[in-house]
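A.B. asks: Structure for the following, please:
(one chain, ligands or ions: 1)
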Amino acid sequence: MSKTVAEHSVSYVQVLDENGKVTNKDLVPDLKDEQLRELMSRMVFTRILDQRAIKLTRQGRLGFYAPVAGQEASMIGSEFATTKEDFIVPGYRDLPQCVYHGYPLEKLFLYSRGHQEGGRVPEDVNVMMPQIIIGAQIVQTPGIALAFKLRGEKRVAVTYTGDGGTSQGDFYEGMNFAGAMQLPAVFFVQNNQYAISVPREKQTAAETLAQKAIAAGIRGVQVDGMDILGVYTVMHEAVERARNGEGPTMIEAVTFRYGPHTMSGDDPTRYRTKETESTWEKRDPLIRFRTYLEEKGLWSQEEEEKVIEQAKDTITEALKKADSAAKMKLTDLIDVMFEEPTIELKRQRAEITGEGAN
Ligand SMILES: Cc1ncc(C[n+]2csc(CCOP(=O)(O)OP(=O)(O)O)c2C)c(N)n1
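C.D. replies: Here you go, the predicted structure:
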């Protein structure tokens, strides 16, 4: 005997097309003019931050940095649908979401430099330090969401990973647990087409990444990740459902990173062509949203220039603060390890400082 026991499909959402025209009137989010302007300002800030961070790493003034240009709509549109009470569990590329959720920019610069103050998130900021281990944040997130559920708090845990991250075992574990326990969690995957140099087609046979949610029994949806209104719409729905006890969602945002994987020596010309790059650049999230706003009379060249100037000042200010942080000492690494250092750590500390161990 053979019968169909389940059938599933994955929907793709887009609100604004490449030319900034609305393709689905029913899905245009209910945002005020001020909020629309804010979305654009945040994307412009993110692009400027990216350009500056790339220069700073080349000058040796920052350490680790993963470029974000191309992914602004995914990052900004998704974070905008959360509240400050919701918890963000980011990956190393997700600095813009951290900034807008309250993580001080100077701390993110210190994080880039490997300074431990960079990972000390202020108590009232609901963000975890950006995760370097691929997939680790996907198992932490249901834990946070479970705490919200047990305490009866109407808060949501939101995590981010890339297309490569969905091939990691932790990804399935985290989503499965969230599905089984019906937790208030959102798993946001930024499919930027490459896991370092490995194209998405080469690291999974799955037709879409969103369908990976089906195996975990949770909602999966694919969205045009370069369309900020589309991203906001699907994220808003996912966050609200989670908040109302309707369970987790996984979102696949189809996007592209224009720069290298990180500034640590990766050369994208070895794994992608100029044609691929220009195809994606035509879908640029800033150009399309700018066109949309200009047609509504909500954006202008002058406004954009003002935002750019403010962004430059904010970045310079944060950099100054990061530069004035006390230099780390070798003993700092030992002192934060345990509340009570072990005998061996005490011995190592004494060796470093030249003092006797006691
Ligand atoms: C557990 C683990 N394995 C391998 C790595 C090395 N690594 C760093 S980034 C990366 C690719 C990640 O690709 P993706 O999830 O698509 O994210 P993207 O960087 O494209 O945003 C890998 C394999 C790591 N950091 N952690």
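A.B. asks: what sits up against stretch 74-83?
C.D. replies: With contacts defined as C-beta atoms under 8 Å, 6 or more residues apart in numbering, stretch 74-83 is touched by 35, 38-39, 42-43, 46, 68, 88, 94, 96-97, 100-101, 156, 158, 160, 188, 190, 225-226, 228-232, 235-236, 238-239, 251, 253, 255. All C-beta spots, glycine's among them, are computed from the backbone N, C-alpha and C.
A.B. asks: ok, and for it, which residues are buried?
C.D. replies: Residues Ser74, Met75, Ile76, Gly77, Ser78, Glu79, Phe80, Ala81, Thr82 are the ones in stretch 74-83 that count as buried (16 or more other C-beta atoms under 10 Å).
A.B. asks: Restricting to C-alpha, output it in PDB.
C.D. replies: Below are the C-alpha coordinates for stretch 74-83, written out as PDB (Å, rounded to 0.1, in the frame of the first residue of the first chain):
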ATOM      1  CA  SER A  74      17.600  41.400   5.800                       C
ATOM      2  CA  MET A  75      19.400  42.700   8.800                       C
ATOM      3  CA  ILE A  76      17.600  46.000   9.400                       C
ATOM      4  CA  GLY A  77      14.100  44.800   8.300                       C
ATOM      5  CA  SER A  78      14.200  41.800  10.600                       C
ATOM      6  CA  GLU A  79      15.500  43.600  13.700                       C
ATOM      7  CA  PHE A  80      12.900  46.400  13.200                       C
ATOM      8  CA  ALA A  81      10.100  43.900  13.700                       C
ATOM      9  CA  THR A  82      11.300  43.100  17.300                       C
ATOM     10  CA  THR A  83      11.000  45.000  20.500                       C
END
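A.B. asks: Ramachandran angles for the nearest residue to Ala216 once chain neighbours are set aside?
C.D. replies: Leaving aside its sequence neighbours, Ala216 sits nearest to Met175 (C-beta to C-beta, 6 or more residues apart in numbering; 3.9 Å). Met175 adopts backbone torsions of phi -70, psi -40, taken as degrees, to the nearest 10.
A.B. asks: going forward can the numbers begin at 49, since that is how I track them
C.D. replies: Taking 49 as the first residue, the last one we looked at is Met223.
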